[in-house]
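J.: sequence first, then the predicted structure:
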Amino acid sequence: MHIDCSGTGSPTVVMEAAASAPWSLWRKVQPGLSQITRVCSYDRAGHGWSEPSKGPRDAETIVRELHSLLDKAAIQRPFVLAGHSAGGLYVREYAREFPGDVAGVALIESSFPRQIDELPGFRAAYEEDKQDAKRELWEDRLRVWSGWQRLLGQCSVQPEKFPGWAGQYDAMACRPNYVDTDESELNYFEATSQQSGRLMSFGDIPLLVITRDPDLREGMSARGVAQNPVWEAEQEGSKSLSPLSWRVIARNAGHMVPLDRPDVIVAEMTRLIDYLRGGPAPPFGSTATK
């Protein structure tokens, strides 16, 4: 499995990307945060530079793979775990299985365990997505294996959208053995949700919650997220997972906060790291907009 670490200092920050996203999701966050401490992003199996893996792709499997990867990479414990979107579910399960590894947690626009049934329309959309994925798999494989996808120019990105990363992204795209492997976790999302829901509290581990701008009509509206009171209530309610928690709403950010407002993530995670190093306490219990 592929892991990319930069910076120096303790505690290390380990970042868990959203569903289907490679480590490059953190390309706007990691450079800034690595000026403060050591930061590691990685590719789950079948994503980015990590080879696909057979078997279930639920939270339990992914967490144990990450634990093994961190052992092999000699990542010092305890560390800070940051998870975006579905990555937040993996963070919850990791903290449940290996609580001694975790010094702090950041949930960034995190999925929550009951969202499949609590978000209006989400279950229907989820079941439709699974069926679409099954229908499209062989078509996708044919386009990639034949080279048609690359001939159409659909295996590259605009350099201005991936400054410094476009070459790596292009090299990862359209590899025959990886076709749709980044979607392999979709079929296990419900199992992952149930598994992560077993964590009832992070205990006294400090918890940072960063969420989208609820006034911004962008992203995931078909999944019931944009301007949905259930999503908003769950994000605020996630503070109850630790008495040492605070929430920041990232103004003008949609669901992709790591791309829309990386500055907010870097600033607030710096506050978390400073606290773990013996610095001033963050505004525990508060919810602020920045």
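T.: The structure has been received and is ready for your questions.

J.: what sits closest to D117 if chain neighbours are left out?
T.: In this structure, D117 finds its nearest non-sequential neighbour in R123, 5.9 Å apart by C-beta to C-beta, 6 or more residues apart in numbering. In short, each C-beta sits where N, CA and C put it, glycine included.

J.: which element is that neighbour on?
T.: helix 122-145 (DSSP states H and E).

J.: quick one, helices of the stretch 51-200 of the chain?
T.: In the stretch 51-200 of the chain, the helices defined using DSSP state H, counting those that start in this stretch lie at 59-72, 87-97, 115-118, 122-145, 148-151, 166-172, 189-196.

J.: which outside residues touch the second one?
T.: In other words, helix 87-97. 15-19, 21, 59-60, 62-64, 66-67, 81-83, 101-102, 105, 107-113, 192-193, 195-199, 202, 205 (C-beta atoms under 8 Å, 6 or more residues apart in numbering).

J.: contacts only, for F189.
T.: Neighbours of F189 in contact, by C-beta under 8 Å, 6+ apart: A19, A86, I116, Y126.

J.: now these as CSV including distance to S53?
T.: Formatted as CSV, the contacts of F189 follow (distance: C-beta to C-beta, whole Å):
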residue, distance to S53
A19, 16
A86, 17
I116, 24
Y126, 22
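
J.: flag the least confident of these.
T.: The member of the contacts of F189 with the lowest pLDDT is Y126, and it reads 82.

J.: that one: neighbour count?
T.: 17 (other C-beta atoms under 10 Å).

J.: how about it: what's its closest non-neighbour residue?
T.: Y126 sits nearest to I116 (C-beta to C-beta, 6+ apart), 5.9 Å away.

J.: was I right about that neighbour contacting A124?
T.: No: between I116 and A124 there is no contact under C-beta atoms under 8 Å: 10.1 Å.

J.: quick one, which of those two is more surrounded?
T.: The residue with more neighbours, out of I116 and A124, is I116; 17 against 10, by other C-beta under 10 Å.

J.: show me the contacts for that one.
T.: So I116 contacts F122, R123, Y126, F189, E190, S193 (C-beta under 8 Å, 6+ apart).

J.: what's the local residue count around the first one?
T.: Which is F122. With other C-beta under 10 Å as criterion, F122 counts 20.

J.: so how far is G197 from the residue nearest to Y126?
T.: 11 Å (C-beta to C-beta, to the nearest Å).

J.: repeat that for W26.
T.: W26 is 26 Å from G197, by C-beta to C-beta.

J.: equivalent analysis for P258, please.
T.: For P258 relative to G197 (C-beta to C-beta), the value is 24 Å.

J.: which one's more surrounded, the two?
T.: P258 (28 against 16).

J.: need the contacts of I116 in TSV with distance to A74, can you?
T.: Formatted as TSV, those follow (distance: C-beta to C-beta, whole Å):
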residue	distance to A74
F122	40
R123	42
Y126	38
F189	32
E190	35
S193	32
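
J.: so where do the strands sit in the stretch 151-290 of the chain?
T.: 207-211, 245-249, 287-289 (DSSP state E, counting those that start in this stretch).

J.: and the last one, what does it pack onto?
T.: Taking 3 or more C-beta pairs under 8 Å, 6 or more residues apart in numbering; DSSP states H and E as the contact definition, the neighbouring helices and strands of strand 287-289 are strand 245-249.

J.: what's the strand it packs on in contact with?
T.: For strand 245-249, the external contacting residues (C-beta under 8 Å, 6+ apart) are 206-214, 235-236, 238-239, 264, 268, 282-290.

J.: mind running it again at 7 Å?
T.: 207-211, 213, 236, 239, 264, 268, 282-290 (C-beta atoms under 7 Å, 6 or more residues apart in numbering).

J.: ditto for stretch 55-63
T.: 44, 89-90, 93-94, 97, 184-185, 188, 191-192, 195-196.

J.: before I go, just wanted to say thanks for your time.
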